[in-house]
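Enquirer: Generate coordinates for the sequence data below:
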Amino acid sequence: MSQEEHFAVRPIAHLARLELSEAQLAEYSVQLDHILGYVAKLDALDVTGVEPLAHPNPVYDVTREDATRPGLTVDLALLNAPRAAQNQFSVPKVVE
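Expert: From the prediction side, this is the model:
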């Protein structure tokens with residue numbers, strides 16, 4: 001293959017810091033051609049009246065009502081703590 005056929009692949013490989021052999025350049029050039037051909041087919045589709053999508057399924061407001069609820073008491077929060085002191089979790093000192 002000639003140098004012109006690798007023109008699209010060489011700069012991309014360089015930017016990606018890939019060292020490709022001539023065979024790889026030829027193979028990826030053909031693959032890139034197929035991909036760009038498929039994109040051209042998609043580009044030819046008539047999509048007038050089709051709304052852009054952010055998600056393929058309809059998304060509804062799934063958040064729950066923001067209501068206050070009672071939390072844990074101090075005794076319940078410290079129930080399974082390995083150590084507690086002065087109504088707080090007691091942990092080993094980790095500062096050097």
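Enquirer: Can you name every helix or strand that the helix ranked longest in the chain contacts?
Expert: What stands out as the longest helix in the chain, according to DSSP state H, is helix 22-43. In terms of contacts (3 or more Cβ pairs under 8 Å, 6 or more residues apart in numbering; DSSP states H and E), helix 22-43 is packed against helix 9-15. For every residue, glycine as well, the C-beta is placed using N, CA and C.
Enquirer: Please identify the buried residues of the helix it packs on?
Expert: Residues of helix 9-15 classed as buried: 9, 13 (neighbour count, 16 or more other Cβ atoms under 10 Å).
Enquirer: Now find how far off-centre it is within its chain.
Expert: How far helix 9-15 lies from its chain's middle: 24 Å, per Cα atoms, centre = their mean, to the nearest Å.
Enquirer: And the contacts of it?
Expert: 19-20, 25, 28-29, 32 (Cβ atoms under 8 Å, 6 or more residues apart in numbering).
Enquirer: give me that answer again for 10 Å
Expert: The set of residues external to helix 9-15 that reach it, using Cβ atoms under 10 Å, 6 or more residues apart in numbering, is 3, 6, 18-20, 24-33.
Enquirer: contacting residues for residue 89?
Expert: Residues in contact with residue 89 (Cβ under 10 Å, 6+ apart) are 77-78, 81-83.
Enquirer: among those, who's most crowded?
Expert: When those are compared by neighbour count (other Cβ atoms under 10 Å), residue 78 ends up highest, at 16 neighbours.
Enquirer: mind checking the backbone torsions on the nearest residue to that one once chain neighbours are set aside?
Expert: Distances taken as Cβ to Cβ, 6 or more residues apart in numbering place residue 84 nearest to residue 78, at 4.5 Å, with adjacent residues excluded. Main-chain torsions, residue 84, degrees, to the nearest 10: phi -140, psi 150.
Enquirer: So which residue of the chain lies furthest out from the middle?
Expert: Distance from the centre of the chain peaks at residue 86, with 44.3 Å (Cα atoms, centre = their mean).
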